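Enquirer: Can you look at this prediction? I've put the sequence above it.
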4 protein chains.
Amino acid sequence: MADNNDFEARIRDSFAKQSIMATIGAEISAVRLGEVEIVLPFSDKILQQHGFIHAGAVATIADSACGYAGLTMMPRDAAVLTTEFKINLLSPAKGDRLRAVGRVIRNGKSLVVTLGEVFAETGGASKQVALITASMMVVATGTGLRD
Amino acid sequence: MADNNDFEARIRDSFAKQSIMATIGAEISAVRLGEVEIVLPFSDKILQQHGFIHAGAVATIADSACGYAGLTMMPRDAAVLTTEFKINLLSPAKGDRLRAVGRVIRNGKSLVVTLGEVFAETGGASKQVALITASMMVVATGTGLRD
Amino acid sequence: MADNNDFEARIRDSFAKQSIMATIGAEISAVRLGEVEIVLPFSDKILQQHGFIHAGAVATIADSACGYAGLTMMPRDAAVLTTEFKINLLSPAKGDRLRAVGRVIRNGKSLVVTLGEVFAETGGASKQVALITASMMVVATGTGLRD
Amino acid sequence: MADNNDFEARIRDSFAKQSIMATIGAEISAVRLGEVEIVLPFSDKILQQHGFIHAGAVATIADSACGYAGLTMMPRDAAVLTTEFKINLLSPAKGDRLRAVGRVIRNGKSLVVTLGEVFAETGGASKQVALITASMMVVATGTGLRD
C-alpha cells in the first residue's frame, strides 16, 4: 500500500468531482482505509411521492460510500467503477439526515466486494434504513479513467 | 382492474410529486399498463468523477420506472414502496440522454416483481447501459400512504 | 414472542423436512433467536467443474440459514418463503466444510430482511467465501403452508 | 470466435464435470451461442419443507445456465466463475420439471452479465417461477482453471 498513503486526499478529490453530490446536497464525512462515510441532509429536493427520501438518493450515497471504500485500497494507478449493487430498503428514509457507511469485504485484484449500511439520524437517534452489497471493478488507468 | 382505469393520470400525478425528478431533470415519457418509461437528459449536475452519469442517477430513474410500472396494476387503494432492487451496470452511462423502461414480471397480491432496462441514446443510436430487477410492496393506503 | 418459545424445535423440525439438505449432506448446527447456522461438509457430490463446491450449494445453505433465522422470529401461525436473495461469491468454495450463518437485520410484519455469511473451514482456519442478503415473506398459515 | 467453434461440446463436457447436477438430477437440454438451457425433473430429493423445489436447487440450475451461456462466448483459453447472482422467486417451484434458460446480456472482456428465467412445466403448461441476473468472471486459464 506504499503507493496509496494519500488515500484520504485521493478520495476527497474524487468525491468533489461527483457533481451529483452537490446537486443532492451530500458530503463526505469520513475516510478510513477500507471504509468511507457520506452524509445527506434531508431536503425537499430529493423526495419521492410520500415525502420520504427517494430510494435512488439513498442508493446514490450508498454506492459512492462503497465505491470509495474500495478505492482507498486500490493501487494509485487504478480507477473504480461500480459493476453492480443490490439494496434492501428496510424502512422509509426520513429524519434529519442519512448517513451511509461503506466498507470493503473482499479486496480482490480485479473486483472489490463491499457492504454498506444507511442510517436515518434524527436528533440523537439512529435507525438503519438500507443495506447494500456492491461489486467494484478495478480499472487500469491506462484506460484513461482516473480514481 | 375496473377501479384503475385512470392509471396514466394516477402515475403522472404521483411522478410530479417526486421532487428528485425535477432536481435531476428526469421526465416521465410513457405510461402503459404494466410498463413505464422515464427519460433523463445528460446534464453536468448528475455526474460521477469520470464524467459519466452517476450510477445512483441511473438507479433513480430505473427504480421509479419499475415502481410506477407496478403501480399501474395495483388497486386504487394501494400505494407502492420499493423493498429492494439490484442493478447491473453494463457500460458507462453517457450520451444525449438515458431512457429507463420498467415492466411488471409478476403481479402478486403483496409483492410485484419488475424488470427494467436503461438505454443511453445518442443521436439515433441506443445502447443498453443497465439492467435492474426490483421488488415493489403493495401498501394498503389505510397506512396513510397514497400512490 | 410468547407464542414462539419453542423456536429451536420448530426450526429443527422444519429443517428435517428439507430433503435437499440430506441430499447434499448439510446439517443444522446452531439455532438462536434471529440467527441460524448450517454446515455442509465437502463432498464430491456437490461440485462444479473446477472441483469447488457449486455456487448453488453455497446458496442453498445460505438461503436456508437466512430463512430459518427469519422463522425464529415469526409468529407460530406463520410460514416462511424466500422472495429473493443475492449472493456475492468472494472466493472459491473449498476446504473441509462450509458454515453458513444467517441473521435477521429487519424483522418486518410482512417481510423479514436477512444477511448471511458463508465461511470455508479447513483445519482451524476459516475464510469467508460468500455474502448473501435475502428477503423472506411471512406467509399466513391459513394458506396451508406451515413453518 | 474462430477459436470457439466447438462451444457446444465444450459446454457439455464441462457440465458433465459438475457433480451436483447428477446429484440433483439436472441435465443440459440446449446449447446455443449465448444461451443455455438446463432441465430439472421434480424429485423428492430436492425439496424444501413445504414440498416445493428448494430455492437453492432453482438457483443451482439458473446459475449454471447463465454461466454456461457466458462460456459459449468466451475465448477457448478462458474459464468461467460466478462472481454474484440475484434471484427473484416469483411462484412456488412445483410441477413436472423446471427449465432454466440463461442468456448473455453483455459480453464484456472481464465480466459477462447474464439474465436467466426458470419455468415450471406441468403437462403442456409453463409458468415462470424465477428470474436471475448474474455476473460471470472471465478467468484466464493460466490460473489453472479450465472451462
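Expert: Looks like it arrived, so ask away.
Enquirer: Could you give the number of residues near the closest residue to A:Ile24 other than its chain neighbours?
Expert: Excluding the flanking residues, the one nearest A:Ile24 by Cβ to Cβ, 6 or more residues apart in numbering or on different chains is A:Ile46, at 5.1 Å. Every C-beta, even on glycine, is put in place using the N, C-alpha and C of the backbone. A:Ile46 is flanked by 27 other residues according to other Cβ atoms under 10 Å in any protein chain shown.
Enquirer: Equivalent analysis for A:Ile61, please.
Expert: Taking other Cβ under 10 Å as the criterion, the count of residues near A:Ile61 is 30.
Enquirer: The strand or helix carrying A:Ala79 - what's its average pLDDT?
Expert: Assigned by DSSP states H and E, A:Ala79 belongs to strand A:78-89. With pLDDT averaged residue by residue, strand A:78-89 scores 97.
Enquirer: got it, and stretch A:21-37?
Expert: Mean predicted lDDT for stretch A:21-37 stands at 98.
Enquirer: What is the end-to-end distance of that stretch?
Expert: 13 Å (Cα to Cα, to the nearest Å).
Enquirer: buried residues in it?
Expert: Neighbour counts using 16 or more other Cβ atoms under 10 Å in any protein chain shown place A:Met21, A:Thr23, A:Ile24, A:Gly25, A:Ala26, A:Ile28, A:Val31, A:Gly34, A:Glu35, A:Val36, A:Glu37 of stretch A:21-37 among the buried residues.
Enquirer: same deal with stretch A:139-147?
Expert: A:Val139, A:Leu145, A:Asp147.
Enquirer: Please see if it touches chain B.
Expert: Yes. Residues of stretch A:139-147 contacting chain B under Cβ under 8 Å from any Cβ of the partner chain: A:Leu145, A:Arg146, A:Asp147.
Enquirer: Where helices are concerned, which of those residues count?
Expert: Assigned to helices by DSSP state H, none of those qualify.
Enquirer: is it true that A:Ile11 touches A:Met74?
Expert: No. Between A:Ile11 and A:Met74 there is no contact under Cβ atoms under 8 Å: 10.4 Å.
Enquirer: before we move on, the earlier item: just the closest of the buried residues of stretch A:139-147 to D:Gly51, please.
Expert: D:Gly51 lies nearest to A:Val139 out of the buried residues of stretch A:139-147, by Cβ to Cβ, at 47.4 Å.
Enquirer: If that closest one is in a bridge, with which residues?
Expert: A:Ala79 (DSSP bridges).
Enquirer: which residues does it contact?
Expert: Counting by Cβ atoms under 8 Å, 6 or more residues apart in numbering or on different chains, A:Val139 makes contact with A:Ala78, A:Ala79, A:Val80, A:Leu81, A:Leu145.
Enquirer: most neighbours, which of those residues?
Expert: Going by other Cβ under 10 Å, A:Val80 tops those with 26 neighbours.
Enquirer: Quick check, A:Gly56 in contact with B:Ser19.
Expert: No. Judged on Cβ under 8 Å, A:Gly56 makes no contact with B:Ser19 at a distance of 11.8 Å.
Enquirer: And the two? Which one has more around it.
Expert: A:Gly56 (29 against 16).
Enquirer: Quick one: low-confidence residue ranges for chain A.
Expert: Applying pLDDT under 70 to chain A flags residues A:1-4.
Enquirer: Please repeat the previous calculation with a cut-off of 80.
Expert: A:1-5, A:141 (pLDDT under 80).
Enquirer: measure the most centrally placed residue in it to A:Val36 for me?
Expert: For chain A, the residue sitting closest to the mean C-alpha position, by Cα atoms, centre = their mean, is A:Ala65 at 1.6 Å. Taking Cβ to Cβ, to the nearest Å as the measure, A:Ala65 falls 5 Å from A:Val36.
Enquirer: Ok, A:Gly116 next?
Expert: 9 Å.
Enquirer: could you give the angle of the helix or strand encompassing A:Ala62 to helix B:55-71?
Expert: Here A:Ala62, judged by DSSP H and E, is contained in helix A:55-71. Computed by axes from the mean of the first three to the mean of the last three Cα atoms, to 10 degrees, the angle separating helix A:55-71 from helix B:55-71 equals 150 degrees.
Enquirer: thought A:Asp63 was touching A:Thr82?
Expert: Yes. The pair A:Asp63 and A:Thr82 qualifies as a contact (Cβ under 8 Å) at a distance of 5.7 Å.
Enquirer: ok, and what's touching stretch A:113-128?
Expert: Contacts of stretch A:113-128 (Cβ under 8 Å, 6+ apart): A:58, A:61-63, A:65-67, A:69-70, A:90-91, A:93-106, A:129-136, C:88, C:90, C:105-106, C:131, D:84.
Enquirer: can you tell me which residues contact the nearest residue to A:Asp44 once chain neighbours are set aside?
Expert: Counting by Cβ to Cβ, 6+ apart, A:Asp44 lies nearest to B:Ser19, which is 5.8 Å off, once chain neighbours are set aside. B:Ser19 makes contact with A:Asp44, A:Lys45, A:Ile46, A:Leu47, according to Cβ under 8 Å, 6+ apart.
Enquirer: any residues in contact with both of A:Gly116 and A:Val36?
Expert: Common neighbours of A:Gly116 and A:Val36 (criterion: Cβ under 8 Å, 6+ apart): A:Ala65, A:Cys66, A:Ala69, A:Val101, A:Gly102, A:Arg103.
Enquirer: before we move on, back to that, mind putting the buried residues of stretch A:21-37 into JSON lines with secondary structure?
Expert: Formatted as JSON lines, those follow (DSSP: H, G, I helix; E, B strand; the rest coil):
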{"residue": "A:Met21", "secondary structure": "helix"}
{"residue": "A:Thr23", "secondary structure": "helix"}
{"residue": "A:Ile24", "secondary structure": "helix"}
{"residue": "A:Gly25", "secondary structure": "coil"}
{"residue": "A:Ala26", "secondary structure": "coil"}
{"residue": "A:Ile28", "secondary structure": "strand"}
{"residue": "A:Val31", "secondary structure": "strand"}
{"residue": "A:Gly34", "secondary structure": "coil"}
{"residue": "A:Glu35", "secondary structure": "strand"}
{"residue": "A:Val36", "secondary structure": "strand"}
{"residue": "A:Glu37", "secondary structure": "strand"}
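Enquirer: In three-state terms, label A:Met74 for me.
Expert: Quick answer, by three-state DSSP: A:Met74 is coil.
Enquirer: burial of it, as a residue count?
Expert: Neighbour number of A:Met74 under other Cβ under 10 Å is 23.
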